[in-house]
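J.: Pasting the sequence and the predicted coordinates here, then a few questions.
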Amino acid sequence: MITSFIFASVGYAALAFVSILDKSILTTNFKHPAVYAFYTTIFSAITVVLLPFFGFPHNIDLLWSLGSGISFGLGVWAMYIAFRHGEASHLTPLVGAVVAVATAILSYFVLNTSFSPHEKIGLTLLIGASFFLSYEKSNREKGLYLGFLWAIISGLLFAFSHISAKHIYTLYPFINGLIWTKSSIGIVGIAIILIPRFRKQIFNKKVAIPEQSQQQPVEKQKGSITKFATTKTLGIVSTLCIQYAIAIGSVAIVNALAGLQYVLVFIFIFLLTKMRPKIFSEDFTRKEFIMQTLAIVLIVTGLLFL
């Protein structure tokens, strides 16, 4: 359990940076979420070349592997759509809260997972904290809005992906399961490029990238490429750590530990908003700040129970 906790913590720390960079890229570099989702998922298809060396899962397990990868890719796409409609510091915790709730329910009924009284309390506190962190009442949005719907859809898709992956990890070696479940993410990228209007957005620079990005000097364009590469590198690190944590530990508890990521996202965005508003800025009301602080207390308490 300790090893799983350490890997999950490192993975979610990396994912906190990814969430902030993703929001920044979607705001300044990519006009359409489908375009960014394509570039995020299509590279997973490269791992197909490794399949001959690791074989294929048996019978129904092949469908579990495909379902895990495809649902993950669709979850990423839905999350990017949500980011276009709201603020990352709120929508990311909502996605995680839905993932945690759905995963706990599915792991009980699908994986026959049982939880100790302390674990149940810890899970409840972490999930509750995630909902507190998703509270948003800013100048831009108030209450429920379209971004929340897409965040919920994203969370459900991620939950199914994690449960499917855990099923595979319990039956096969970790590296085999990782390659099988992640190579199929590329199917989403292929599906996006097969849709005419999305294909036009991907290959038409004027459509895919905002006009202000096209007029950027070479130095800023290079900075955008560096930001994109950094995001994808951290994404790989977070995926490897979190998937390994899921493989050796409880998938429900690992997903609940995502509260660590949301605390870091909130702290980083709050500091950037106050100190470097030109780089990244979000609205923070007094009530909202109190809700975020309460959530952090709940997360610390929940971690103690776990």
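T.: That came through, no problem.
J.: count of neighbours near Ile296?
T.: Residues within reach of Ile296, counting by other CB atoms under 10 Å, total 17. All C-beta atoms are positioned from the backbone trio N, CA, C, and that covers glycine.
J.: do you know how far the residue nearest to Phe56 when sequence neighbours are not counted is from Ile70?
T.: Nearest non-adjacent residue to Phe56, counting by CB to CB, 6 or more residues apart in numbering: Leu62, 6.1 Å away. Leu62 sits 12 Å away from Ile70, going by CB to CB, to the nearest Å.
J.: So between the two, which is more surrounded?
T.: For Leu62 versus Ile70, neighbours defined as other CB under 10 Å are more numerous around Ile70 (22 against 14).
J.: Let's verify Arg84: helix, strand, or coil?
T.: Using DSSP: H, G, I helix; E, B strand; the rest coil, the structure places Arg84 in helix.
J.: I'd assumed the residue nearest to Phe56 was in a strand, is it?
T.: No: applying three-state DSSP, one finds Leu62 to be helix, outside a strand.
J.: isn't it right up against Gly55?
T.: No: using CB atoms under 8 Å, Leu62 makes no contact with Gly55, being 10.8 Å away.
J.: count of neighbours near Thr3?
T.: Taking other CB under 10 Å as the criterion, the count of residues near Thr3 is 11.
J.: Excluding chain neighbours, give the residue nearest to it in space.
T.: Nearest non-adjacent residue to Thr3, counting by CB to CB, 6+ apart: Ile248, 6.3 Å away.
J.: Quick check: the one you found vs Thr47, distance?
T.: On the measure of CB to CB, Ile248 and Thr47 end up 21 Å apart.
J.: low-confidence ranges in the stretch 201-306 of the chain?
T.: Scanning the stretch 201-306 of the chain with the threshold set as pLDDT under 70 gives 205-224, 277-284, 306.
J.: so Trp180 is in which element?
T.: Trp180 is located in helix 174-183, with elements delineated by DSSP states H and E.
J.: I'd like the average pLDDT over that helix.
T.: With pLDDT averaged residue by residue, helix 174-183 scores 92.
J.: Go through that helix and flag the buried ones.
T.: By 16 or more other CB atoms under 10 Å, the buried positions in helix 174-183 come out as 176-183.
J.: Does that helix pack against any helices or strands, and if so which?
T.: Counting contacts by 3 or more CB pairs under 8 Å, 6 or more residues apart in numbering; DSSP states H and E, helix 174-183 packs against helix 51-54, helix 60-85, helix 146-171, helix 218-248.
J.: What is the subsequent helix or strand relative to the second one?
T.: What that stands for is helix 60-85. The element immediately downstream of helix 60-85 (helix or strand, assigned by DSSP H and E) is helix 88-109.
J.: does Leu15 belong to a helix or a strand, and which?
T.: Counting by DSSP H and E, Leu15 is part of helix 2-28.
J.: which helices and strands sit right next to that helix?
T.: If contacts are counted by 3+ CB pairs under 8 Å, 6+ apart, helix 2-28 sits against helix 33-41, helix 60-85, helix 88-109, helix 218-248, helix 251-256, helix 259-275.
J.: Go through these and name the closest to Val300.
T.: Checking the helices and strands packed on helix 2-28 against Val300 by CB to CB gives helix 259-275 as the closest, at 8.7 Å.
J.: How about residues contacting the helix or strand following that closest one?
T.: On the C-terminal side of helix 259-275, the closest following helix or strand by DSSP H and E is helix 286-305. For helix 286-305, contacts defined as CB atoms under 8 Å, 6 or more residues apart in numbering pick out 93, 118-119, 121-126, 128-130, 132-133, 135-138, 256-257, 259-260, 262-263, 266, 270.
J.: Cool, thanks, talk later.
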